[in-house]
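Q: 3D model of this:
(chains A and B)
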Amino acid sequence: MERNSEIELRLLIEAIYLKYSYDFRDYSGASIKRRVNHALVQFECNTISALQEKVLHDPTAFMQLLQLLTIPVSEMFRDPSHFLAIRKEVVPLLRTWPSIKIWIAGCSTGEEVYSMAILLREEGLLDRTIIYATDINPRSLDKAKQGIFSMENVRAYTANYQQAGGQRSFADYYTAAYGYAIFDKSLRENVTFADHSLATDSVFSETQLISCRNVLIYFNKKLQDRAFGLFHESLCHRGFLVLGSKETPDFSSFGNEFEALVRQERIYRKK
Amino acid sequence: MNSTTARPSIEAIVIGASAGGVEALLSILEPLREGFVLPIIVVLHLPEERRSHLAEVFSRRVALPVLEAHDKTPIEPGTLYFAAPGYHLSVEHDRSFSLSLEPRVHFSRPAIDYLFESAADAYGSHLAAVLLTGANRDGAHGLVQVKRHGGLTVVQDPKDAQVATMPQAALDLHRPDHILTTSGIGRLLVDLERIAC
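A: Below is the predicted model of the structure:
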């Protein structure tokens, strides 16, 4: 019986790839299985095969499933000490480039994008920076473009912002209305939001800094390697790679191509 | 331990604990001798903000090497692993770890259910799962999954637990292979290792 569900899971993932070109084949198995099981309940399907039939013939159902397969769990200035280290250790070096390109890979609903934009504005760098914010989930990208977050969450982000070395009142960056915080749209003037998959797409620009936080943990080693390869190709000489608090290039095929600038905060530099 | 001799060999032990868990874990793990061969993987609920010093605390008092479980690293025999605070920990089919930031389960991340269910998938009947003291209901569903895959399930006797809620919740849902005190669990682990060798 368990064997059946393994087969069905592989077939579902293959079907999604063939039909919709979303490639989950090299995602971490335990997590994807858990999310598919969760989807079975939501879709009221008894088997993964039934779910497969549904999403294969109904693109709307697939879009709903995609919301469950991707994990839009994010927050602004998550791990404040990480952003403080970027401010102190990376910004002074970033400043030496006349124009700066930053890639936020797997930007989800935009929390990392607005955090980075606010930090760069306070450091006087936002005007000469272009940010590419990419994700595979179009609904997440739409939400990121709107820059509207619930006030409840923003209260937690405020504490993060302050611990991350924020220089102003966090409320300066948004307008509160009806329980939501609408972020200042000038923060995203130089942001390009785009559909991009680390599993299937290639490099689109040279960059000075890439932030990819808590995305790689959902990939197996092979796909992690692919992503590190893209980052290595995109980064200019001595460019920066910043990762989530449990992610590292150290054990990938590109382990020797990056050096830690602040290891504790997962800030790396291309050699 | 008649019930353990006729069963498939155990290749890994997973343990879940919450309130009162540090003391319970120490009383189980401190007596283990150097060279214990099975990997032991632990989810212990802790406040997320607190950076975990578990590995340090336990490495001073336990004979096994103690590590935080890192993403995509293979599970080594004879090693005591702790889940990192703030992340779910799961075991992949190739017996390596994966981390995840999926929503909390039973208000917890890491969640015991998450580890138990994925380890049941990876190890099947070659897994022993132990649920200890705690003040919530995490781990009960995970134990059921371990049992469904033919694994061995152990619950700390609620009377022996500092906080009985969690072991009791498991007992309400599932009849485990063993209900034991911490010293009984310690002895069982040694027996399981003998079968594994």
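Q: Let's verify the residue in the stretch 1-150 of chain A that chain B sits nearest to: helix, strand, or coil?
A: Nearest residue of the stretch 1-150 of chain A to chain B, counting by Cβ to the nearest Cβ: A:Ala30, 3.7 Å away. For every residue, glycine as well, the C-beta is placed using N, CA and C. Secondary structure for A:Ala30, judged by DSSP: H, G, I helix; E, B strand; the rest coil, is helix.
Q: Quick check, it in contact with B:Asp94.
A: No: using Cβ atoms under 8 Å as the test, A:Ala30 is too far from B:Asp94 to be in contact (10.6 Å).
Q: Those two - which one has more neighbours?
A: For A:Ala30 versus B:Asp94, the count of surrounding residues by other Cβ atoms under 10 Å in any protein chain shown is larger for A:Ala30: 24 against 12.
Q: Now do the more buried one, the pLDDT please.
A: A:Ala30 is assigned a pLDDT of 94 by the prediction.
Q: Tell me which residues touch it, please.
A: Going by Cβ atoms under 8 Å, 6 or more residues apart in numbering or on different chains, A:Ala30 touches B:90-92, B:98, B:100, B:118, B:121-122.
Q: again with A:His82
A: Residues near A:His82 by Cβ under 8 Å, 6+ apart: A:164, A:242, A:245, A:265-267.
Q: Check for me that it belongs to a strand.
A: No: counting by three-state DSSP, A:His82 is not found in a strand; it is helix.
Q: and which of the contacts of A:Ala30 is nearest to B:Gly78?
A: B:Val91 (16.5 Å; Cβ to Cβ).
Q: before we move on, back to that, just give me the least confident of the contacts of A:His82.
A: The member of those with the lowest pLDDT is A:Ser245, at 94.
Q: For it, which non-adjacent residue is closest in space?
A: Spatial nearest neighbour of A:Ser245, excluding adjacent residues (Cβ to Cβ, 6 or more residues apart in numbering or on different chains): A:Asp79 at 5.3 Å.
Q: for B:Phe116, same thing?
A: Nearest non-adjacent residue to B:Phe116 (Cβ to Cβ, 6+ apart): B:Gly142, at 2.6 Å.
Q: For chain A, see how far away that neighbour is.
A: Separation of B:Gly142 from chain A (Cβ to the nearest Cβ, to the nearest Å): 12 Å.
Q: secondary structure class for that residue?
A: Classification of B:Gly142 using three-state DSSP returns helix.
Q: thought it was touching B:Ala120?
A: Yes: with contact defined as Cβ under 8 Å, B:Gly142 reaches B:Ala120; the gap is 7.4 Å.
Q: Quick check: neighbours shared by those two?
A: Shared contacts of B:Gly142 and B:Ala120 (Cβ under 8 Å, 6+ apart): B:Ala129.
Q: residues in contact with the spatially closest residue to A:Ile267 that is not a sequence neighbour?
A: Nearest residue to A:Ile267, sequence neighbours excluded (Cβ to Cβ, 6+ apart): A:Leu261, at 4.7 Å. A:Leu261 makes contact with A:89-90, A:240, A:267-269 under the criterion Cβ under 8 Å, 6+ apart.
Q: Of the contacts of A:Ala30, which ones also sit close to chain A?
A: B:90-92, B:98, B:100, B:118, B:121-122 (Cβ under 8 Å from any Cβ of the partner chain).
Q: A:Ile32: neighbour count?
A: What A:Ile32 shows, counting by other Cβ under 10 Å, is a neighbour count of 17.
Q: Spit out the contact partners of it.
A: Per Cβ under 8 Å, 6+ apart, neighbours of A:Ile32: A:9, A:13, A:24, A:69, A:218.
Q: can you give me the helices in the chain?
A: You didn't pick a chain, so chain A it is. A:2-20, A:29-42, A:48-57, A:59-69, A:80-85, A:91-94, A:111-122, A:138-146, A:151-163, A:221-234 (DSSP state H).
Q: was after chain B, sorry
A: B:2-5, B:21-29, B:54-61, B:112-123, B:140-148, B:165-173, B:182-196.
Q: which of these is buried the deepest?
A: Mean neighbour count (mean count of other Cβ atoms under 10 Å in any protein chain shown) peaks for helix B:112-123 among the helices of chain B, with a mean of 28.
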